[in-house]
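1. Next comes the sequence, and after it the predicted model I'd like to discuss.
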Amino acid sequence: MKLLAIGDFHGTFPKKFERIISKEKIDVVVSNGEIYKIAFLDKYMISDKQKEAIRTEAREILEKFARSLEKVKVKEVSRSLPKDEGKREEQVGLAGDADFRTRMFDNAPKKSGNCIVAEKGNW
């Protein structure tokens, strides 16, 4: 069984996942987000019986992994410095570029008050 686990795509299923699902012959799609009515996904919806089988298989995999971890030999490492040593004293830094903030805000596509609005990967 091939499973595709994806994050929250905020109701709009990305076309690239349709291609991946078809190309890779995915059996089940799991998402942690909301899904609106998407006809394309109907054939990937799973029954309660299938959900329970997946839960059981996942539990077995995790338990097997946990048992394997118990067998791992761990070498104890001692610290070379006492816990309170090795930290630097904070100092006053150099003055920043006075024009930097202005340039950043001028370059930002979206702003809200004194904040730049940015989504990961979009700027």
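-> Noted; the coordinates are in hand.

2. what does the average pLDDT come to for stretch 100-110?
-> For stretch 100-110, mean pLDDT rounds to 84.

3. ok, and what's touching it?
-> By CB atoms under 8 Å, 6 or more residues apart in numbering, the residues outside stretch 100-110 that reach it are 111, 116-118, 123. No exception for glycine: its C-beta is placed from N, CA and C like everyone else's.

4. List just the nearest of these to residue 31.
-> The shortest approach to residue 31 among the contacts of stretch 100-110 belongs to residue 118, at 23.9 Å (CB to CB).

5. Now do residue 55 against residue 3, distance only.
-> In this view, residue 55 and residue 3 are 12 Å apart by CB to CB, to the nearest Å.

6. in this structure, which spans are strands?
-> Here the chain has its strands, by DSSP state E, at 3-6, 28-31, 111-112, 115-116.

7. The second one packs against which elements?
-> Based on contacts counted as 3 or more CB pairs under 8 Å, 6 or more residues apart in numbering; DSSP states H and E, the elements that strand 28-31 packs against are strand 3-6.

8. which neighbours does the strand it packs on have in its sheet, and in what orientation?
-> Partners of strand 3-6 in the sheet, by DSSP bridges, are strand 28-31 (parallel).

9. tell me the mean pLDDT over the strand it pairs with?
-> Across strand 28-31, the average pLDDT comes to 75.

10. Can you point out the buried residues in it?
-> Neighbour counts over strand 28-31 (16 or more other CB atoms under 10 Å) mark 28-29 as buried.
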